[in-house]
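> Here's my sequence, what's the structure:
(2 chains)
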Amino acid sequence: MIEMTPSAALVVLVAVLVGTGVYLILERSLSRVIVGVALISNGINVLMLIAGGRAGGPPLIGDTATEDMSDPLPQAMVLTAIVITLGMTAFLLAMAYRSWQLNGHDEVQDDLEDRRIARRAARDELSARATDDVGSTLAEDAAATRDETAVLGSEHASRGHHAPALAADDEEAR
Amino acid sequence: MTWLVALPVVLPLIGAGFALALARHPKVQVIVSVTTLTVVLAVTVVLLVHVNDGPVVLDVGSWAAPVGIALVGDRLAALLLVVSVAVTLGVLLYSLAQGIADGDEGAPVAIYHPTFLVLSAGVSNAFLAGDLFNLYVGFEILLVSSFVLITLSGTRERIRAGTIYVVVSLVSSIVFLTAIALVYAAVGTVNLAQLAIRLPEIAPGTQTVLQLMLLVAFGIKAAIFPLSAWLPDSYPTAPAPVTAVFAGLLTKVGVYAVIRTQVLLFPGGQLDELLKWAALATMVVGILGAVAQEDIKRLLSFTLVSHIGFMIWGIATSSEAGLSAAIFYVTHHITVQTSLFLIAGLIERRGGTTSLVRLGSLAKAAPLLAVLYFVPAMNLAGIPPMTGFLGKAGLVQAAAAEGGGMSYALIAGGLVTSLLTLYAITKAWNMAFWQEAPQPLPETTTPRGMVLPAAGMVVLSLFLAVVAGPLYGYTDRAAADLRSRTPYITAVLPDFERGTGESSDVAQEGERREDAEDEPEDAPLPTATEEAS
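This is a model prediction of the structure:
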């Protein structure tokens, strides 16, 4: 049986890769998220290798004494995981590029609910209830929030404009 | 007969290959995908009958279980397979009719069929996976195809919603992969049956960490509060058939994975209390979100989140009755939520919008649509004698039998959720069908080819109510199997050590070793899994 204590260097490598990846995923720009996802995935792959124990000889019967073989299963799983990550990264890149084509940026945007609340706050509908803020930060926040629907008009109006467009989408898409 | 288990995974993949190759012949593509799914449906029905004699195990490539990949079809998996494939087929027919009605043969159609079939293969693979890593692969297959479907045609709205969906899904996959690595490091296997044997032997603290990580990974996919925020924003932007199949299947695969891992691998129920709180919060917060919506697709998405809570409630109730009710509820919810989204698509088509503020007068313009909406809506809210009521009644009974403050809180939460569901869904019914339309409705008709599959789904959900007795008997047996765990484990590993597969290399390694010159000892060859433990 080969030595099972993981090497400290590998553990540190996993920590650095995953830590950096998490930091990047928290960014708004999709290209940074992609780099982050790639880093974390590589970190997890190394973690998977650690899970298989220390490196031994190639796991081939007749080549290596069985006690010295390294565990082939994690290597197979890592290989699969690498392929999957490759596909995912390709898809994310395509999506980031499409987002850049459409919007001129590749930022992950707020969801509709968030923006609706921010807009209502901006219209002071919630100001009576917004007591937990010092000053009028909620309204300021809302005003400062990037809001791409503003280009298309207000929520209701945009839905109106979009109804035919969405229907057209469905036709295209189906 | 064990090869039957592989068909629901393999056939759609082959079909997808053909569909992709025939991208330039849309009509042939249609025939390929419909035929494939029909055959798969037949296979799963046969499987459903077959697993009554015990789980069916296929050792892929004849590698004996803990070493090779095992596909396991037990009662739970077979039941969910039948329902999911039936729903997938219904949605496919609906989307075909939509395409014929629109009369377009544009580019996105070419990738729609292969992607849809791959999605079906991924769902089947997740249901049948006998080891954690294969489960991960199943998840990735269905996720990648769902990414493509949710961003179909790449419009601004869909890219925006798709970005959030993709990033959240990737994060959950990463958590899942980390959990697999840690599980392997802790016990040296990823085979579910062997994990069930080995996990109780390790330190309780480590067990809890692994259990929590798996729960978080599947919780994101199943949209359990507080990991559910991504769902109501992502799903409604996709085309109606896509939303319908997502709502019906994808979250349920997460629920299935929760059932499988929590019940099979961690039978002690250490996290039951946490799951109960999560279930209560999912039910109540989800439905409150639905009440606030004025768009029918978003409203339905929030009810979807809310009703995931019922299933988690059943899983957390530590009894066979609770688990059985949860499985019954999953079956009910797949059909009902899918039909509601299909009908929302019809409403959007007839009324030109999904905004309840702008809709109206549909009852006069499309009475059939009104009936089609009303039946599953009432089913969702849990009006007797439909399956929604039976599932909820089963949950309440199981919780009452268990007793304790938390159970009664959950019963109260469940009742409030049902009432609020009724409120939200009736509000939508009133606004879409009965109020005076603010603007005259567009002069469109709903194509019969789209109405028929939607009606078929509604009939299927009603049919489940008719066969509720046998169905409950079946889920009872499935829950008993799950909780006793031995049927699953002995089916995969008959002697708790090795599967029934051939694995000629491993089986004959004793003789081979004697032939090999440079191997002095006669110790048995450590399998990959034993070595790391």
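> contacting residues for the residue nearest to B:Ala321 when sequence neighbours are not counted?
Among residues not flanking B:Ala321 along the chain, B:Ala398 sits closest, at 3.9 Å (Cβ to Cβ, 6 or more residues apart in numbering or on different chains). Using the backbone N, CA and C atoms, a C-beta is placed for each residue, glycine as well. Residues counted as contacts of B:Ala398 (Cβ atoms under 8 Å, 6 or more residues apart in numbering or on different chains) are B:314, B:317, B:319, B:321-322, B:324-325.
> mind listing what the spatially closest residue to A:Pro72 that is not a sequence neighbour touches?
Spatial nearest neighbour of A:Pro72, excluding adjacent residues (Cβ to Cβ, 6+ apart): A:Pro59 at 4.3 Å. Contact partners of A:Pro59, counting by Cβ under 8 Å, 6+ apart, are A:69-72, B:528.
> Adding distance to B:Gly382, pLDDT and neighbour count, write the residues you listed out as a markdown table.
Output for these, formatted as a markdown table (distance: Cβ to Cβ, whole Å; pLDDT from 0 to 100; neighbours: other Cβ atoms under 10 Å in any protein chain shown):
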| residue | distance to B:Gly382 | pLDDT | neighbour count |
| --- | --- | --- | --- |
| A:Met69 | 57 | 81 | 21 |
| A:Ser70 | 56 | 81 | 20 |
| A:Asp71 | 51 | 82 | 26 |
| A:Pro72 | 52 | 84 | 15 |
| B:Ala528 | 49 | 40 | 20 |
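> quick check: mean pLDDT across the particular helix or strand that has the residue nearest to B:Ala321 in it?
In this structure, B:Ala398 is located in helix B:387-402 according to DSSP states H and E. Helix B:387-402 shows a mean pLDDT of 89.
> now stretch B:38-52
Stretch B:38-52 comes out at a mean pLDDT of 91.
> which residues make contact with it from outside it?
The contact list for stretch B:38-52 (Cβ under 8 Å, 6+ apart) reads B:1, B:4-5, B:7-8, B:11-12, B:56, B:73-75, B:77-79, B:81-82, B:85-86, B:89, B:120, B:124.
> same deal with stretch B:424-439?
Residues contacting stretch B:424-439 (Cβ under 8 Å, 6+ apart): B:287, B:290-291, B:293, B:296, B:299, B:302-303, B:347, B:351, B:356-363, B:369-370, B:373-374, B:377-378, B:380-381.
> buried set for that stretch?
Using 16 or more other Cβ atoms under 10 Å in any protein chain shown as the test for burial, stretch B:424-439 gives B:424-425, B:427-429, B:431-433.
> what's the span of that stretch, first residue to last?
This stretch, stretch B:424-439, spans 23 Å end to end (Cα to Cα, to the nearest Å).
> So what's the gap between that stretch and the chain middle?
Mean-position distance between stretch B:424-439 and its chain equals 31 Å (Cα atoms, centre = their mean, to the nearest Å).
> Tell me who's in contact with B:Val330.
Contacts of B:Val330 by Cβ under 8 Å, 6+ apart are B:80, B:252, B:255-256, B:311.
> Now intersect those residues with the helices, please.
Secondary structure of the contacts of B:Val330 is defined by DSSP state H; positions in helices are B:80, B:252, B:255-256, B:311.
> Let's see if you can find the most crowded of those.
Greatest neighbour count in the ones in helices among the contacts of B:Val330, by other Cβ atoms under 10 Å in any protein chain shown, goes to B:Met311: 30 neighbours.
> so who does it touch?
B:Met311 neighbours (Cβ under 8 Å, 6+ apart): B:222, B:255, B:326, B:329-330, B:333.
> want to try TSV for these, with pLDDT and secondary structure as columns?
What follows is the contacts of B:Met311, written out as TSV (pLDDT from 0 to 100; DSSP: H, G, I helix; E, B strand; the rest coil):
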residue	pLDDT	secondary structure
B:Ala222	89	helix
B:Val255	93	helix
B:Ala326	92	helix
B:Tyr329	92	helix
B:Val330	92	helix
B:His333	92	helix
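> And the contacts of B:Val330, which is closest to chain A?
Of all the contacts of B:Val330, chain A sits closest to B:Tyr256, with 20.4 Å by Cβ to the nearest Cβ.
> On the pLDDT front, check that closest one for me.
93.
> do the same with A:Val78
With respect to pLDDT, A:Val78 scores 91.
> who's in contact with it?
A:45, A:48-49.
> what number of residues lie near B:Ser484?
Residues contacting B:Ser484 under the criterion other Cβ under 10 Å number 12.
> oh, I was asking about A:Gln101
Neighbours of A:Gln101 using other Cβ under 10 Å come to 12.
> how near is it to A:Phe91?
According to Cβ to Cβ, to the nearest Å, A:Gln101 stands 15 Å off from A:Phe91.
> What of B:Phe246?
Distance, B:Phe246 to A:Phe91, using Cβ to Cβ: 17 Å.
> still on that earlier bit, who wins for most neighbours among the contacts of A:Val78?
For the contacts of A:Val78, the largest number of neighbours (other Cβ under 10 Å) sits with A:Met48, at 24 neighbours.
> Quick check: phi and psi on that one?
The phi/psi pair for A:Met48 (degrees, to the nearest 10) reads phi -60, psi -40.
> what's the answer for B:Ala129, then?
phi -60, psi 130.
> My read is that it contacts B:Glu140, right?
No. Taking contacts as Cβ atoms under 8 Å, B:Ala129 lies outside contact range of B:Glu140: 11.5 Å.
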